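> Below is the sequence, then the predicted model.
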Amino acid sequence: MSVVILAIESSCDDTAAAVIVDGQVKSNILADQKVHALYGGVVPELASRAHQANIVPVVDAALKQSGVSADQLSAIAFTRGPGLMGSLMVGVAFAKGLALSHHIPLIEVHHLHAHVLAHFAEPPVPEFPFLCLLVSGGHTQILLVRDHLQLEVLGSTTDDAAGEAFDKAGKLMGLGYPAGPLIDHHARSGKPVFDFPHPQLPDFQFSFSGIKTSIRYFLQDQMARDQDFIQKHLADLCASIQHHIVEILLEKLILAARNTGIRNVTIAGGVSANSRLRERLEEVGQIEGWQTFVPQMAYSTDNAAMIGIAGYYKYQAGQFTDLSVKPMARIPLNG
């Protein structure tokens, strides 16, 4: 009998649902929320209200696109955390209600774990063990992945994440939200001519607070001389900021690969959609002799297919949860 998983993702400002049948993605539906661009960042109250409006039509669309009815579901996988509490509550409550009404089990999924397993949504897939540079809006980590359900955190950020550095830099330059894709766009027509410092941390630890501060003071100094500095040099500024953030990430990834001897290397999380990071991973991989893997764009940013893939492997291992489960805004990643 087939294992049919309905997956629900509502950790931030995207409402998503997917259907996974025997580990294969049959549908992957997402409703985003444009309203947050007006405020330069996600407004939690607006996000949770939008989830309430979107979740029923999104789940309905995912079922219809997959050709699966609710009566055929084996289990429901959902994001328990981390994320915005109000957003998580909508997804968790909906998953509980649907599971209860159809007498099927629940599977809780860690959002970051799901990003790692997004690589198994479509081939080619990495062989175990592999390293994963997990880079999202609020998280930056290097993980050793031994199997689908066993992860070890080798290093993480001591302060801000790479995605936060992109967003802060974009805000300083007057770009919209989210700034990461806009910086990526402008950087394609620029050159990395401006220099910013790289943090010196031990082992596989990251820090991005310093580069954020450096960018702010640099822009202040330049605009004191020329108020139009950003407008005149936007492409080169974006290229320079992107270059330094990407190189900081790859310096630590290279160190981790050399120290562990692992040659299967992946990236995951929303920032893995950055074109420069994807290009540099391939370039460094050729130099270092790695087998490199980047997720398809549809599985790089938040989506429900990755929740379903994680849910499928947890289903196979019999890792279910009960109706007492509660969402958690902060939850450690343990494998």
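Yep, that arrived. Residues are numbered from 1 along each chain as shown.
> Am I right that Leu133 is in a strand?
Yes - assessed with DSSP: H, G, I helix; E, B strand; the rest coil, Leu133 lies in a strand.
> Is it bridged to anything, and to what?
For Leu133, the beta-bridge partners are Ile142, Ile267 (DSSP bridges).
> wait, doesn't it sit right on Val145?
No - counting by CB atoms under 8 Å, Val145 is not a contact partner of Leu133; they are 11.2 Å apart. Backbone N, C-alpha and C define where each C-beta goes, glycine included.
> Quick check: neighbours shared by these two?
Common contact partners of Leu133 and Val145 (CB atoms under 8 Å, 6 or more residues apart in numbering): Thr266.
> Just the pLDDT for Gly97.
At Gly97 the predicted local confidence, pLDDT, stands at 97.
> Who are the contact partners of it?
Contacts for Gly97 were tallied using CB under 8 Å, 6+ apart; there are none.
> mind checking which helix or strand Gly210 is in?
Under DSSP states H and E, the secondary-structure element containing Gly210 is helix 209-225.
> I should have written Gly137 there, sorry.
Here Gly137, judged by DSSP H and E, is contained in no helix and no strand.
> got a pLDDT number for it?
For Gly137, the pLDDT comes out at 74.
> dump the residue contacts of it.
Going by CB under 8 Å, 6+ apart, the list of residues near Gly137 reads Cys12, Ala161, Gly163, Glu164, Asp167, Pro178, Gly270, Val271.
> Name all residues that make contact with the nearest residue to Ile262 once chain neighbours are set aside.
Closest residue in space to Ile262, ignoring its immediate chain neighbours: Leu131 at 5.2 Å, by CB to CB, 6 or more residues apart in numbering. For Leu131, the contact set (CB under 8 Å, 6+ apart) comprises 142-145, 154, 253, 256-257, 260, 262, 264-266.
> which of the residues you listed count as buried?
Ile142, Leu143, Leu144, Val145, Leu154, Leu253, Ala256, Ala257, Ile262, Asn264, Val265, Thr266 (16 or more other CB atoms under 10 Å).
> Max pairwise distance over these: which two?
Taking CB to CB as the measure, the buried ones among the contacts of Leu131 span a maximum distance of 14.4 Å, between Leu154 and Asn264.
> Where does pLDDT dip in the protein?
Scanning the chain with the threshold set as pLDDT under 70 gives 35, 38-39, 335.
> got the phi/psi numbers for the most centrally placed residue in it?
Here the mean C-alpha position of the chain is nearest to the C-alpha of Gly269 (CA atoms, centre = their mean), at a distance of 2.6 Å. Recorded main-chain torsions at Gly269 are phi 100, psi 170, according to degrees, to the nearest 10.
> Next up, the contacts around Leu73.
Applying CB under 8 Å, 6+ apart to Leu73 gives the contacts Val4, Ile5, Leu6, His102, Ile104.
> Kindly report the same for Met223.
Applying CB under 8 Å, 6+ apart, one finds that Met223 lies in contact with Phe229, Ile230.
> picking up where we left off before, quick one: which of the contacts of Leu73 is most hemmed in?
Using other CB atoms under 10 Å as the neighbour criterion, Leu6 leads these with 31 neighbours.
> quick one: that one from Asp32, how far?
Between Leu6 and Asp32 the computed distance is 20 Å (CB to CB, to the nearest Å).
> My guess is Ala18 contacts Ser27. True?
Yes - under the criterion of CB under 8 Å, Ala18 lies in contact with Ser27, with a separation of 5.8 Å.
> Which neighbours do these two have in common?
Both Ala18 and Ser27 are in contact with Ala62, where contact means CB under 8 Å, 6+ apart.
> The two - which one has more neighbours?
Neighbours of Ala18 and Ser27, each counted by other CB under 10 Å, are more numerous for Ala18; the result is 30 against 22.
> any idea how far the closest residue to that one other than its chain neighbours lies from Thr266?
Nearest residue to Ala18 in three dimensions, chain neighbours excluded: Ala304, at 3.7 Å (CB to CB, 6+ apart). Using CB to CB, one obtains 20 Å as the distance from Ala304 to Thr266.
> Ala317 against Leu149, yeah?
Yes - the pair Ala317 / Leu149 is scored as a contact, 6.0 Å apart, by CB under 8 Å.
> of the two, who's got more company?
Leu149 (15 against 12).
> Check the gap between that one and Gly174 for me.
Distance of Leu149 to Gly174, given as CB to CB: 44 Å.
> returning to what we had before: nearest to Gly311, of the contacts of Gly137?
In terms of CB to CB, no member of these lies closer to Gly311 than Cys12, at 18.8 Å.
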